[in-house]
Structure formats: C-alpha cells, structure tokens
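Participant: requesting a structural model of the entry that follows:
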Amino acid sequence: MAHNLEVKAKAGKYLTFRVAQEEYGLEILKVREIIGMMPITRVPKTPEFVRGVINLRGGVIPVVELRKKFGMESEADTGETCVIVVEILKKGEPIQVGILVDSVSEVIESTPSFGVELDTQYILGMAKTKGEVKILLNIDRVLTGEEIESLKEGVK
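Facilitator: All right, here's what the predicted structure looks like:
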C-alpha cells in the first residue's frame with residue numbers, strides 16, 4: 001500500500017548502507033549496533049524476506065533481508081555483508097530487529113530542506129552528500145504491524 005505524500009527528512013544523523021546498487025540511510029538513534037555476519041537460524045513459516053533469527057547475547061532477534069523485502073534478488077553474502085540491529089516501536093513496545101544489508105557506508109547529516117514528492121510508505125526523505133543522493137528509510141514503516149506480530153510469533 002503506497003502513500004503519495006510530501007516527504008522531508010528531519011535534520012539529524014543517519015547511518016548509510018548499501019543494498020544492491022542503492023544507498024539508503026536510517027536515523028542513527030534507531031541503530032542499536034552493527035554486527036558482522038553470524039549464523040542465522042531459519043524459522044519455518046515466516047515471510048520470505050525473513051532470513052531467520054540470531055542469538056545476540058542471549059536475545060533472539062529476527063533478521064530481515066532488505067533485498068527481499070524491497071523485491072530484489074538475493075545474492076551471496078560477502079565479507080561486507082552485515083546486520084544492523086535497529087529498535088523499532090510497534091504498539092508502543094520497543095522491538096529489536098536485524099536488517100541484513102550488503103555493506104555499511106558512513107554516518108551523514110541531513111537537513112530538512114531537501115523535500116521531494118515520493119510514492120512510498122518506507123521513505124522518510126532524501127539526503128545529498130558528496131554529490132550523491134541517499135534514500136532515508138523510515139524503519140518503523142519498513143515492517144508492518146502484522147509482519148512484526150508474525151516475527152514475534154515465529155521466535156517464541
């Protein structure tokens with residue numbers, strides 16, 4: 001379900017990362033940590049974009065493969081593939097989810113003046129750095145409430 005709205009990114013710092021040939025960013029305050037690849041346990045009956053779960057210091061965290069979530073083809077993991085653990089709020093409850101990305105790039109600052117008409121519910125805004133445009137994700141909207149519920153059910 002797409003929304004057509006004027007999107008302007010909040011000023012602040014964003015962690016940028018690469019998925020396929022695209023650069024994305026998310027609010028640095030949502031990032032809990034960045035970890036290298038580790039064993040991911042597949043969970044039956046989860047959506048196709050869920051790679052599985054990881055055990056991070058005793059906590060079980062679902063891992064979403066952004067390539068599949070965004071309708072892209074999967075590729076083999078590389079030495080730069082990593083998991084960004086983010087904290088999102090669903091129904092007022094903080095939930096940690098890992099997002100599998102091809103590589104982490106840098107931390108950038110965005111200003112709220114770079115607005116553009118976008119036709120997606122996932123995008124918080126756009127930022128420009130070093131002559132490149134980066135897509136800033138609204139990580140709370142990348143997964144819907146139903147998807148979060150299915151993830152929580154799958155890891156119990």
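Participant: okay, and the beta partners of Thr16?
Facilitator: With beta bridges defined as DSSP bridges, Thr16 has these partners: Gly25.
Participant: for it, what are its contacts?
Facilitator: The neighbours of Thr16, taking CB atoms under 8 Å, 6 or more residues apart in numbering as the test, are Glu23, Tyr24, Gly25, Val104, Ser105, Glu106, Val107, Ile108, Thr129, Lys134. For glycine as for every other residue, the C-beta is placed from the backbone atoms N, C-alpha and C.
Participant: can we see that at 10 Å?
Facilitator: With contacts defined as CB atoms under 10 Å, 6 or more residues apart in numbering, Thr16 is in contact with 23-26, 28, 101, 103-108, 127, 129, 132, 134-136.
Participant: now swap in Leu66 and tell me
Facilitator: Residues in contact with Leu66 (CB under 10 Å, 6+ apart) are 17, 19-20, 22, 24, 49, 51, 72, 84, 99-102, 137, 142.
Participant: 7 Å - rerun?
Facilitator: Val19, Ile99, Leu100, Val101 (CB atoms under 7 Å, 6 or more residues apart in numbering).
Participant: which residue comes closest to it once chain neighbours are left out?
Facilitator: Taking CB to CB, 6 or more residues apart in numbering, and ignoring the residues beside it in sequence, Leu66 has Val19 as its nearest neighbour in space, at 4.8 Å.
Participant: so that neighbour is in contact with Leu100, correct?
Facilitator: No. Taking contact to mean CB atoms under 7 Å, the distance of 8.8 Å between Val19 and Leu100 leaves them out of contact.
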